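> Only the shape, not the letters, is given here:
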């Protein structure tokens with residue numbers, strides 16, 4: 001098998017398939033649409049203009065939330081292990097990266113193909129990771145809490161009440177949550193709200209509707225929080241993403 005094999009990505013909305021794994025690494029670039037990638041311990045969102053790297057043997061399944069197009073690359077296991085990140089990663093597709101991906105797909109027999117591949121691996125390693133991941137706990141006591149908040153992001157129940165429901169002390173719940181997800185409870189809930197809001201925005205929902213559905217007091221409060229976390233207001237962020245950076 002060549003070091004890099006590409007194929008066009010063209011999916012209609014679908015449920016998440018059964019989780020699977022393969023020996024190759026995988027690069028998944030979305031040019032339009034939206035999908036989530038579900039792993040053993042996290043939920044990744046991939047809006048238009050973003051690229052996901054999945055290391056070899058990583059268990060995953062993809063759920064297409066809208067009609068989705070892009071490119072899919074399978075990376076030879078040996079090269080993936082030696083030249084790409086060891087962990088999952090989502091990054092914004094810059095114009096250079098977008099041009100490389102398109103060239104690697106369109107010009108499979110180009111003389112410069114090997115040089116393109118080397119630059120691609122370097123860019124994937126060096127590009128900053130984007131905060132589009134929701135880590136999920138393995139602890140069976142915490143999993144229902146997290147699944148509830150994914151289904152009801154506007155639920156503002158505080159940590160004390162969750163501790164009572166789960167028959168745990170506040171301190172134990174707080175420590176366990178941090179250990180399992182790498183985040184404090186409040187930070188994790190904000191990550192859920194912002195990530196789900198992004199998915200709704202990409203699907204075309206109005207900012208006001210999204211803000212209230214996510215539990216924010218007002219659209220302006222949502223826009224402020226979004227800008228603090230993502231660097232731009234929602235619509236500007238989406239425009240930058242869809243243009244490839």
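That came in fine, so what should we check first? These numbers were taken from a predicted model, which means no experiment stands behind them. Numbering: from 1, shown residues only.
> any weak-confidence spans in this structure?
The chain contains residues with pLDDT under 70 at 1-2, 16-17, 108-109, 244-245.
> rerun at 50
1 (pLDDT under 50).
> Where do the strands of it begin and end?
4-11, 25-32, 35-39, 42-46, 50-54, 60-64, 68-75, 89-92, 133-135 (DSSP state E).
> out of those, deepest packed?
strand 50-54 (a mean of 25; mean count of other Cβ atoms under 10 Å). For every residue, glycine as well, the C-beta is placed using N, CA and C.
> Can you pull out the residues in contact with it?
The contact list for strand 50-54, computed with Cβ atoms under 8 Å, 6 or more residues apart in numbering, reads 25-30, 37, 44, 46, 60, 84-85, 88-93, 97, 101, 124, 130, 132, 241.
> Relative to it, what are the paired strands and their orientations?
Using DSSP bridges, strand 50-54 pairs in its sheet with strand 25-32 (antiparallel), strand 89-92 (antiparallel).
> So what does the nearest residue to residue 178 once chain neighbours are set aside look like in phi/psi?
Computed as Cβ to Cβ, 6 or more residues apart in numbering, the closest residue to residue 178 that is not its neighbour in sequence is residue 184, at 5.8 Å. With angles defined as degrees, to the nearest 10, residue 184 sits at phi -70, psi 160.
> where do the helices sit along this protein?
77-83, 95-106, 113-126, 143-151, 159-165, 170-181, 185-202, 207-213, 219-230, 234-242 (DSSP state H).
> Please identify the most buried of these.
helix 185-202 (a mean of 20).
> As CSV, the strands paired with strand 50-54 with distance to residue 209 would be great.
Formatted as CSV, these follow (distance: least, Cβ to Cβ, whole Å):
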stretch, distance to residue 209
strand 25-32, 22
strand 89-92, 25
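> Isn't residue 162 up against residue 145?
Yes. Using Cβ atoms under 8 Å, residue 162 is in contact with residue 145, at 5.9 Å.
> In contact with residue 84, which residues?
Residues in contact with residue 84 (Cβ under 8 Å, 6+ apart) are 25, 53, 55, 75, 121, 124-125.
> just to revisit the earlier point, for residue 201, which of the strands paired with strand 50-54 is the nearest?
strand 25-32 (14.3 Å; Cβ to Cβ).
> so that closest one versus helix 113-126, what angle?
80 degrees (axes from the mean of the first three to the mean of the last three Cα atoms, to 10 degrees).
> Pull the residues that contact strand 25-32.
9, 37, 46-56, 62, 67-77, 79-81, 84, 93, 98, 101, 124, 242.
> repeat that with 6 Å
Residues from elsewhere that reach strand 25-32 (Cβ atoms under 6 Å, 6 or more residues apart in numbering): 46, 48, 50-56, 69-75, 80, 84, 101.
> quick revisit: and the strands paired with strand 50-54: which comes nearest residue 205?
Nearest to residue 205 among these is strand 25-32; the distance by Cβ to Cβ comes to 16.8 Å.
> can you give me how far stretch 176-195 is from the chain middle?
Centre-to-centre, stretch 176-195 and its host chain are 15 Å apart (Cα atoms, centre = their mean, to the nearest Å).
> no no, stretch 134-146
Counting by Cα atoms, centre = their mean, stretch 134-146 comes out at 18 Å from the chain centroid.
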